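Participant: turn this into a model:
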Amino acid sequence: DPTSWEVWNNLGIAYHERNRDDEAIACYRRALELKADFHHALNNLGNALASKGDAAGAIDCYRKVIEAFPEQPDAYSNLGVALYERGEVEEAQACYRRALSLDPGHADALGNLGYLLQEQGRLDEAIACYAAGFEANPKAARVGYNLGLGLIVRGQFERGWRLHELRFETVPPIALARRMPIPKFTDSDWGTPHRIAIWVEQGVGDQLLYSTLLPALAARGQSFVLEADRRLMPAFRRAHPDWEVIPAGEPSPAFASCTRHIAVGSLPLL
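Facilitator: All right, here's what the predicted structure looks like:
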């Protein structure tokens with residue numbers, strides 16, 4: 001059925017979740033050609049335009065939704081994000097609070113308000129917002145991830161680092177998960193003869209940060225192969241000549257000898 005606006009909208013969502021926003025935008029526009037008052041597609045079009053850096057286009061979409069459907073909390077929350085990114089902080093906060101007046105359990109609005117408060121140095125209030133949003137919607141991965149970061153800052157490491165694992169589930173993902181043919185290394189594997197494939201997931205700064213835990217891993221007698229940015233390999237090899245370090249992004253037979261794996265950013269969870 002090529003005239004199904006719902007399916008065009010859903011296809012756009014699928015593309016957007018995979019960072020294919022040009023295709024997502026085309027799908028949303030087709031849905032709106034078929035049904036001009038389809039506010040879900042218009043709101044989603046705004047999200048895709050925002051991802052492409054078209055803030056003005058996104059704001060126009062959200063305002064049109066609000067004009068036609070003033071009781072739509074999603075549009076207020078999304079408009080708030082776009083305004084915040086333009087530096088219009090008070091206007092953004094007003095949008096988030098309006099969304100929450102319409103739906104007190106709106107997870108995205110709670111998460112967005114939490115981020116705004118966090119950037120103002122009001123971390124405890126931000127954590128309260130994140131916690132309420134994540135409780136309202138446990139599938140709101142970015143809200144849970146931000147809650148985890150806040151808890152880490154407050155020294156609540158066990159739950160904080162567990163929530164930090166949600167970085168793979170945000171849309172778009174903060175870090176890309178690696179498909180591996182072997183199980184993940186967990187607490188139950190301590191003291192076993194497993195050889196661990198430690199793979200990189202983000203940039204050089206994150207690799208340096210999380211690598212500070214590798215000596216503790218080695219001290220426990222766990223054998224591992226470390227994947228690293230080529231620029232870091234000489235430093236690792238000089239400081240730790242007994243470590244096996246391989247270049248990131250290149251196939252290596254060294255990982256084939258491993259029986260467990262873990263992302264370098266997941267080491268703090270251990």
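
Participant: tell me where the stretch 51-200 of the chain has strands.
Facilitator: Using DSSP state E, counting those that start in this stretch, the strands of the stretch 51-200 of the chain run over 195-199.

Participant: would you map the helices across it?
Facilitator: Using DSSP state H, counting those that start in this stretch, the helices of the stretch 51-200 of the chain run over 55-68, 73-85, 89-102, 107-119, 123-136, 141-153, 157-164.

Participant: for the fourth one, what is the average pLDDT?
Facilitator: Pointing back at helix 107-119 there. The average pLDDT for helix 107-119 rounds to 97.

Participant: hmm, who's touching that helix?
Facilitator: 73-74, 76-78, 80-81, 84, 89, 92-93, 96-97, 99-100, 103, 123, 125-130, 132-134, 136-137, 140, 142-143, 146-147, 150 (CB atoms under 8 Å, 6 or more residues apart in numbering). No exception for glycine: its C-beta is placed from N, CA and C like everyone else's.

Participant: whichever of those residues end up buried, select them in ChimeraX.
Facilitator: To isolate the buried members of the contacts of helix 107-119 in ChimeraX, using 16 or more other CB atoms under 10 Å:
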select :73,74,76,77,78,80,81,84,92,93,96,99,100,103,123,126,127,128,129,130,132,133,134,136,137,140,142,143,146,147,150
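
Participant: gap between Arg230 and Leu42?
Facilitator: 45 Å (CB to CB, to the nearest Å).

Participant: so for the two, which residue has more residues nearby?
Facilitator: Leu42 (25 against 11; other CB atoms under 10 Å).

Participant: and the pLDDT at the more buried one?
Facilitator: At Leu42, the pLDDT recorded in the model is 97.

Participant: ok, it to Val65 distance?
Facilitator: 5 Å.

Participant: identify the contacts common to those two.
Facilitator: Contacts common to Leu42 and Val65, judged by CB under 8 Å, 6+ apart, are absent.

Participant: and Pro247, backbone torsions?
Facilitator: phi -70, psi 140 (degrees, to the nearest 10).

Participant: list the contacts of it.
Facilitator: Glu227, Ala228, Asp229, Arg230, Met233.

Participant: tell me how far the last one lies from Glu227.
Facilitator: Read that as Met233. Taking CB to CB, one finds Met233 at 10 Å from Glu227.

Participant: which one's more surrounded, the two?
Facilitator: Glu227 (24 against 16).

Participant: adjacent strands (with direction) for the helix or strand hosting that one?
Facilitator: Element membership for Glu227 (DSSP states H and E) is strand 223-228. Note on strand 223-228: by DSSP bridges, its sheet partners are strand 195-199 (parallel), strand 244-247 (parallel).
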